[in-house]
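1. please find the sequence and the predicted model below.
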There are 2 protein chains.
Amino acid sequence: MTGTPTSSSIADRLTGTREYILPTLRQAVDTLHPHLAHACGYHFGWWSSDGEPSAGAVPSKFLRATLVLLAAETVGGNPRAAVPGAVAVELLHNHSLLHDDVIDQDDERRGRRTVWSAYGTGTAVLAGDALAALAVSRLEQTQTAPARRALVMLTNAFQCICTGQAADLELERGGPASVENYLRMAADKTSALLACAAGVGAVLSGADEGTIGRLQASCTDLGLAWQAANDVEDIWGDPAVTGKPPLSDLRQGKMTLPVLAALASGSPAGNELAAHRGSAAGRRTEDLEHIADLIVQAGGRAVAERMARDRLASAESHLRELRVPDLHRDALTALFRFIVTRSA
Amino acid sequence: MTGTPTSSSIADRLTGTREYILPTLRQAVDTLHPHLAHACGYHFGWWSSDGEPSAGAVPSKFLRATLVLLAAETVGGNPRAAVPGAVAVELLHNHSLLHDDVIDQDDERRGRRTVWSAYGTGTAVLAGDALAALAVSRLEQTQTAPARRALVMLTNAFQCICTGQAADLELERGGPASVENYLRMAADKTSALLACAAGVGAVLSGADEGTIGRLQASCTDLGLAWQAANDVEDIWGDPAVTGKPPLSDLRQGKMTLPVLAALASGSPAGNELAAHRGSAAGRRTEDLEHIADLIVQAGGRAVAERMARDRLASAESHLRELRVPDLHRDALTALFRFIVTRSA
């Protein structure tokens, strides 16, 4: 679990995380009702929806678990002691993915059908619930003071994710749309679990308050950078990389950062874009491509790209203030850059 | 919160519970995103889906919260100290109601439209998630050893509910249907949270292990009795009492206890019933009434009614073995009877 900040060492580290957490994660999923364990294993890419060895599944990268383990290592802990935390964070994250797909009615994830689409809405709702319960129970089993604090962090993130998703839903349904609201939503929806991941790793390794706070602040910025980069990638990225159909946010009429920034620009392109709002259903691909062009012309893409850069820079400046070995700081910095620039 | 086991004193007790827990419950719901708080308040009957003062809403009875408070009182504790536990249990219960209605696609609950039907599936899924997160956070805020143990009980119940719901879903989709599987499902789906409620109340009041175990065993029986009584009520009860459309379990092709017992009877009526299985969709009311008659003829209704009686008797015999003042035992007994016989 050590390395220099090159992308090959990031790949090694992600592989390392997989090896660390997979046995514990599979053991946890195995405790579920067989029907839910099946759906969850499919979601994680362990088998097809028929239970056959999975062909063509894009495996989960376990970025959040990697953040837990790396934070533990950074503050001088043994990453093994942080494995329950890493598994809990991944379980909670995948709980939210299963439910997000139901809420957004997304058909595809990681290049395959989503759980609700393959197994039905009822199974997806229940499997998501079961993963949330499993996440909480992971940290509860260790009745130490650090594990209890980690559990408070996890529950707090659980609540933030719900708040962020609700704000997202409200935005989609025509609620007050502004860049400011969007950033609050992204902090809840994306940053909170990243800050929880780093916090859990640090707490389980006995870090001091200053270090925990700084790691969490860096992850709040990381989340905003990631969300902004994700929004850009969704519209202008390669579907083979995103694993989602092209222009899916626009197709669903989502008010993402590039859209909101374009609408707020007051430019002619922004005004033309505003006229399109609320009529996304059933749009043809060429209309969506025209909308994407309007967003570029109104400067919405540039705002989102700048936000991704600036917030990543801010996250890195928090890391520079940590009193930790350079080796670990560099590894965290490399992970942050990978998250924002390589894995939308 | 004291009284003799008459039904008027049960009504007083339920009113008492409402007064105890409502301020804390509303405060908890108020911390949610406004959109989710609105949907949850509608679900609890506090307002209409337009946010107007609620007319015609059947308020929640808070039976599980009453069980928490009564268990606390029974073991000599102050029910006030058990309020966080009572609120947590109700939050978890209502989490599962919101999601159950999505899973079962039920349109009506307590005489009004269900949350998914009034606010959309996305909101119902998120509101349910938010209530689960809130439930966990209620017990986490009190960092005492009893509260930690209560939290373990709550998380265990959360996991059991998911397992029970999954088993229920599997039954509906043609999975192995037997009375034995049904009882296991009911123990997870219904008994676990009742046992959790009594356990949480007792633990938060410092009860000894023997008392906790006996209270939980009585609630396991109570849950089975209730589930059996509920199944009978759903088919043969008064829709004005159940708050659901008539024959809704049969309409949905649910494999409830009377159906399973009838199928297992080997009688001509049971065999005729078996021929109907799997073709419930779009049935006319007179067909459903014929099916209900077949279940009676095959003895399915009698089996379920006997199960309700026998399990209630077993629950009461556990209560008789508790070393607690008769006043409290009698109050618990009265609550158990009310749950099974009056409130399907």
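-> That came through, no problem.
2. hey, where'd the strands end up in chain A?
-> In order along the chain, chain A carries the following strands (DSSP state E): A:108-109, A:112-113.
3. how about the ones you listed in CSV, adding mean neighbour count?
-> The way it works is simple: take the backbone N, C-alpha and C, and place the C-beta from them, glycine included. As requested, the strands of chain A are arranged in CSV below (neighbours: other C-beta atoms under 10 Å in any protein chain shown):
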stretch, mean neighbour count
strand A:108-109, 18
strand A:112-113, 18
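4. what's the least confident stretch among those strands?
-> Taking the average pLDDT of each of the strands of chain A, the minimum falls on strand A:108-109, with a mean of 88.
5. could you export the strands of chain A as TSV, including distance to B:Asp129?
-> Converted to TSV, the strands of chain A look like this (distance: least, C-beta to C-beta, whole Å):
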stretch	distance to B:Asp129
strand A:108-109	18
strand A:112-113	22
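6. quick one: closest of these to chain B.
-> strand A:108-109 (16.2 Å; C-beta to the nearest C-beta).
7. so which elements touch that closest one?
-> Packed against strand A:108-109, as judged by 3 or more C-beta pairs under 8 Å, 6 or more residues apart in numbering or on different chains; DSSP states H and E, are no other helices or strands.
8. what lines up beside it in the sheet?
-> Pairing partners of strand A:108-109, with direction, according to DSSP bridges: strand A:112-113 (antiparallel).
9. which residues are contacting the strand it pairs with?
-> A:45, A:49, A:56-58, A:107, A:118 (C-beta atoms under 8 Å, 6 or more residues apart in numbering or on different chains).
10. let's see it at 6 Å
-> Outside strand A:112-113, the residues that touch it by C-beta atoms under 6 Å, 6 or more residues apart in numbering or on different chains are A:Ala57.
11. now do it: distance to the chain's middle.
-> Using C-alpha atoms, centre = their mean, to the nearest Å, the mean C-alpha position of strand A:112-113 is found 18 Å from that of the whole chain.
12. and the lowest-mean-pLDDT helix or strand in chain A, what does it pack against?
-> Each helix and strand of chain A was given a mean pLDDT (mean pLDDT, DSSP states H and E); the minimum falls on helix A:239-242 at a mean of 75. For helix A:239-242, the contact count by 3 or more C-beta pairs under 6 Å, 6 or more residues apart in numbering or on different chains; DSSP states H and E identifies no helix or strand as a packing neighbour.
13. got the buried residues for that helix?
-> Along helix A:239-242, these residues count as buried under the neighbour rule (16 or more other C-beta atoms under 10 Å in any protein chain shown): A:Thr242.
14. which residues touch it?
-> Contacts of helix A:239-242 from elsewhere in the structure, counted by C-beta under 6 Å, 6+ apart, are A:233, A:246.
15. at 8 Å what do you get?
-> Judged by C-beta under 8 Å, 6+ apart, the contacts made with helix A:239-242 from elsewhere in the structure are A:233-234, A:245-246, A:344.
16. run a quick neighbour tally on the nearest residue to A:Ala225 once chain neighbours are set aside.
-> Take A:Ala225 and drop its neighbours on the chain: the residue closest to it by C-beta to C-beta, 6 or more residues apart in numbering or on different chains is A:Arg311, 3.7 Å away. Summarising burial for A:Arg311: neighbours were counted as other C-beta atoms under 10 Å in any protein chain shown, giving 24.
17. tell me how far A:Cys219 lies from A:Ile212.
-> With the distance defined as C-beta to C-beta, to the nearest Å, A:Cys219 ends up 11 Å from A:Ile212.
18. got the contact list for the nearest residue to A:Phe158 once chain neighbours are set aside?
-> Excluding its sequence neighbours, the residue lying closest to A:Phe158 (C-beta to C-beta, 6+ apart) is B:Ala133, at 4.1 Å. For B:Ala133, the contacting residues are A:132, A:155, A:158-159, A:162, taking C-beta under 8 Å, 6+ apart as the criterion.
19. out of those, which one sits closest to B:Gly299?
-> Closest to B:Gly299 out of the contacts of B:Ala133 is A:Ala132 (41.1 Å), distances taken as C-beta to C-beta.
20. I figured the closest one hits A:Glu90, correct?
-> No - contact criterion C-beta atoms under 8 Å: A:Ala132 and A:Glu90 do not qualify, at 12.0 Å.
21. can I get stretch A:127-141 as PDB, trimmed to CA atoms?
-> This file holds the C-alpha atoms of stretch A:127-141, laid out as PDB (Å, rounded to 0.1, in the frame of the first residue of the first chain):
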ATOM      1  CA  ALA A 127     -31.000  -4.400  -1.500                       C
ATOM      2  CA  GLY A 128     -30.100  -0.800  -1.000                       C
ATOM      3  CA  ASP A 129     -31.700  -0.900   2.500                       C
ATOM      4  CA  ALA A 130     -29.900  -4.100   3.300                       C
ATOM      5  CA  LEU A 131     -26.500  -2.500   2.300                       C
ATOM      6  CA  ALA A 132     -27.200   0.500   4.500                       C
ATOM      7  CA  ALA A 133     -28.000  -1.700   7.500                       C
ATOM      8  CA  LEU A 134     -24.900  -3.800   6.800                       C
ATOM      9  CA  ALA A 135     -22.800  -0.600   6.700                       C
ATOM     10  CA  VAL A 136     -24.000   0.500  10.100                       C
ATOM     11  CA  SER A 137     -23.500  -3.000  11.600                       C
ATOM     12  CA  ARG A 138     -19.900  -3.200  10.400                       C
ATOM     13  CA  LEU A 139     -18.800  -0.300  12.600                       C
ATOM     14  CA  GLU A 140     -21.000  -1.300  15.500                       C
ATOM     15  CA  GLN A 141     -19.400  -4.700  15.800                       C
END
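22. how about it: buried residues?
-> For stretch A:127-141, the neighbour count (16+ other C-beta under 10 Å) marks A:127-140 as buried.
23. cool, stretch A:24-32 as well?
-> Of the residues in stretch A:24-32, those scored as buried under the neighbour-count criterion (16+ other C-beta under 10 Å) are A:24-25, A:28-29, A:32.
24. all helices for the stretch 101-250 of chain A, in order.
-> Along the stretch 101-250 of chain A, the stretches classed as helices by DSSP state H, counting those that start in this stretch are A:115-119, A:121-141, A:145-172, A:179-186, A:192-204, A:209-236, A:239-242, A:248-251.
25. is it possible to export the ones you listed to CSV including distance to A:Arg64?
-> Rendered in CSV, the data for these read as follows (distance: least, C-beta to C-beta, whole Å):
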stretch, distance to A:Arg64
helix A:115-119, 19
helix A:121-141, 11
helix A:145-172, 10
helix A:179-186, 16
helix A:192-204, 5
helix A:209-236, 10
helix A:239-242, 18
helix A:248-251, 22
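26. let me know whether stretch A:192-209 sits next to chain B.
-> No - judged by C-beta under 8 Å from any C-beta of the partner chain, stretch A:192-209 and chain B are separated, with a smallest distance of 11.5 Å.
27. same check, this time on stretch A:164-182
-> Yes - Stretch A:164-182 comes into contact with chain B (C-beta under 8 Å from any C-beta), by way of A:165-167, A:169-170, A:175.
28. just the buried ones from those?
-> Restricting the residues of stretch A:164-182 next to chain B to buried positions leaves A:165-167, A:169-170, with burial counted as 16+ other C-beta under 10 Å.
29. got a list of contacts for stretch A:162-182?
-> Counting by C-beta under 8 Å, 6+ apart, the neighbours of stretch A:162-182 from elsewhere in the structure are A:96, A:99-100, A:103, A:184-190, A:192, A:252-257, A:260-261, A:263-264, A:278, A:303, B:32-33, B:35-36, B:122-123, B:126, B:129-130, B:133.
30. quick one: neighbours of the closest residue to A:Ala150 other than its chain neighbours, just the number.
-> Spatial nearest neighbour of A:Ala150, excluding adjacent residues (C-beta to C-beta, 6+ apart): A:Val200 at 4.4 Å. One way to gauge burial is a neighbour count; for A:Val200, by other C-beta under 10 Å, it gives 31.
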